[in-house]
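K.L.:
Prediction below, plus the sequence it came from.
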Protein chains: 2
Amino acid sequence: MEKNEKKILPCDDKCPVKASLSLLAGKWTMMIIFQIGDDVMRYGELKRAIPSISEKMLIQELNMLVANKLVSKKAHPEIPPRVEYRLTDLGLKTIPIIDKLVEFGKENLVKL
Amino acid sequence: MEKNEKKILPCDDKCPVKASLSLLAGKWTMMIIFQIGDDVMRYGELKRAIPSISEKMLIQELNMLVANKLVSKKAHPEIPPRVEYRLTDLGLKTIPIIDKLVEFGKENLVKL
DNA sequence: TCAGGTACTTACTAAAAAGTTAGAATTGTT
DNA sequence: AACAATTCTAACTTTTTAGTAAGTACCTGA
C-alpha cells in the first residue's frame, strides 16, 4: 500500500459543488440574489440596480429562480402593475455564499 | 422625500460579485479549486477526481487559474513528467466560498 | 391623442463556452 | 518494435448562453 496513497473521491453527479452551481451559475443569478438580499424588490428596482442586464435576462432569471424556489413572486392586481420579488427561506440560505463572494471580491479584486 | 425611499446602489463594474465571478464562474473552476483544497495535486489526479471533465477543459482552466494567480504550478523535470498544482495564498482565500457552496448543496440539494 | 411608466413576451442573432478528436514528446516496459 | 504513462496542444464542431430589437397591455397625466 505504498503506492496510490492519496484517496481521491471523484466528483460525480452527487457533487455538492455541481449541484449548487446548477442553480446559481448563470451570469446574473447571484447578482440578482445579492440585490434582493433580505428586502423586497420590484422588477423595475432590480432593473435599475443592475443597469447592464437586459430585460430578457432579468425576467428569465427571475422566472428560473421562482421555478427553483429560491425566490417568491407576488403580483399586486393594480394598474400600473406592481410585482414584488423576495428570497424564500431556501433562497436566504444562499446568502452566505454570496457574502463570501463579496468579501473575496472586496478584499482582493476591487481596487479602491 | 416620501417617494423613492429605497436606496439602490447599482451594480456597476466595481461590483464585488461580478469581480469574483469573473475569476470563478466557469463550469469547472470551483470544482477544480474544491478538489485541490489545501493539498498538492497532479494533473492526472485532478483528471481522475473529476472524471467528466475533458483534458482540454482541465488544462485550460488550470492555465487560467495559474494566470490569475489562484493556483501555482510546479513542473518536476522528470520522465514521465510530474506537474503539481496547489492553491496560492490568494486561491486559498476562495475556499470559504466553496465551503458555503458545498454546505448549501449538501443541506438542500443533494439527496442522501 | 399621445407619450410615459409598468411588467413582461417573442423571435432572431451573436458570442461565449464547452466538447471531440487527434496528435506530440519523452522514456521505461514488454 | 510496439505500447503505455504522463502532460499537454491544436483544429474543429456543437451546445449553451446571452444580447438585440420589437411588440403587448393597461392606465395616467399633459
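P.N.:
Structure received.
K.L.:
where does the closest residue to A:Asp39 other than its chain neighbours land in three-state SS?
P.N.:
Spatial nearest neighbour of A:Asp39, chain neighbours left out: A:Arg86 (7.1 Å); criterion: CB to CB, 6 or more residues apart in numbering or on different chains. Any C-beta I mention is one placed from the backbone N, CA and C, and that applies to glycine too. The assignment at A:Arg86 comes out as strand when based on DSSP: H, G, I helix; E, B strand; the rest coil.
K.L.:
and the gap between A:Arg86 and B:Glu55?
P.N.:
As judged by CB to CB, to the nearest Å, A:Arg86 and B:Glu55 stand 44 Å apart.
K.L.:
Those two: who's more crowded?
P.N.:
Using other CB atoms under 10 Å in any protein chain shown as the criterion, A:Arg86 and B:Glu55 rank with A:Arg86 on top: 16 against 9.
K.L.:
The most centrally placed residue in chain A: what's it in contact with?
P.N.:
Residue closest to the average C-alpha location in chain A (CA atoms, centre = their mean): A:Met30, at 3.1 Å. Contact partners of A:Met30, counting by CB atoms under 8 Å, 6 or more residues apart in numbering or on different chains, are A:24, A:94, A:97-98, A:101, B:17, B:21.
K.L.:
Those residues: which two are farthest apart?
P.N.:
With CB to CB as the measure, no two of those lie farther apart than A:Thr94 and B:Leu21, at 14.0 Å.
K.L.:
Tell me the residues of chain A that contact DNA strand C?
P.N.:
A:42-44, A:47, A:55-56, A:59, A:62-63, A:73, A:75, A:79-83 (CB under 7 Å from any atom of the strand).
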